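Chemist: no sequence for this one, just the structure:
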C-alpha cells in the first residue's frame, strides 16, 4: 500500500462521523467517486490545494475510451495512437514508431472490424512512414479531442507531448487508467 493510501486510511479512520461521499453523478462510477474523495482527503491532510483530481480514463473491452463519464469520440486511427501512448508511460520516440507495428495493427483491427487485413496493414504502414505527416496528424487529433473534453488546467496531463527528438508521452498517472 502506498504512503498516500495509508495516510488516507489513517485520516478516514479518525474522521468520526465524516465519511466518503457517495453518488456524485458527475463522477461516473462509484469507484471514480471514491477515488476522487480519497485523493481529496489526502491532499487536505498534506495541506495542498483541494482542486479536483484528474478524471479516470476507462478503456472498455471494445476499445471505447471514457474520460470520467464522457466518451472520447475520435477516429479509429487516432484512437489507435492514443491507446499506444496510454500503454507506454515511458514514452515513444516517433522515429521508432515501427517498433510498435504489431500492437497498433491489433488495436486498429479491433477498431475497424469491417476492413480487410490488407487495408489495415496499408493504413498502419502509412502511419509509420516517417516521410508522411500521418502520425503527427493523428497525435493532433487526439490532443484536440482531449482539449475539448477535459478542463484546461488538466489538459497537459492527457495530451501526447514531448520536445523534438525526445520520447512523446502522456503524463497522466497510469493508476488513473483502467483497462477493462
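Modeler: Right, received. Where do you want to start? This one's a predicted model, so the numbers in the text were calculated from it and none came from an experiment.
Chemist: Pretty sure residue 66 sits in a strand.
Modeler: Yes: according to DSSP: H, G, I helix; E, B strand; the rest coil, residue 66 belongs to a strand.
Chemist: give the contact list for it.
Modeler: Contacts of residue 66 were listed using CB atoms under 8 Å, 6 or more residues apart in numbering, and they are 28, 57, 58, 59, 60, 72. To be clear about C-beta, it is placed using only N, CA and C from the backbone, and glycine gets the same treatment.
Chemist: how about the strands of the protein, start to end?
Modeler: 57-59, 65-67, 70-71, 160-161, 169-170, 177-179 (DSSP state E).
Chemist: between the ones you listed, which gets nearest to residue 145?
Modeler: strand 65-67 (9.4 Å; CB to CB).
Chemist: can I assume residue 120 is in contact with residue 112?
Modeler: Yes: between residue 120 and residue 112 there is a contact under CB atoms under 8 Å: 6.4 Å.
Chemist: Can you give me the distance of residue 75 to residue 138?
Modeler: Remark: distance between residue 75 and residue 138 (CB to CB, to the nearest Å) = 8 Å.
Chemist: Export the strands of the chain to TSV and append columns for mean pLDDT and distance to residue 104.
Modeler: TSV is the format used below for the strands of the chain (pLDDT from 0 to 100; distance: least, CB to CB, whole Å):
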stretch	mean pLDDT	distance to residue 104
strand 57-59	96	15
strand 65-67	96	15
strand 70-71	96	21
strand 160-161	96	14
strand 169-170	97	16
strand 177-179	96	16
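Chemist: For this structure, which residues score under the pLDDT cut-off?
Modeler: For the chain, the stretches with pLDDT under 70 are 1-33, 35-36, 39-52.
Chemist: ok, what's across the strand from the residue positioned nearest the centre of it?
Modeler: Nearest to the mean C-alpha position of the chain, counting by CA atoms, centre = their mean, stands residue 57 at 4.9 Å. When bridges are called by DSSP bridges, residue 57 pairs up with residue 67, residue 177.
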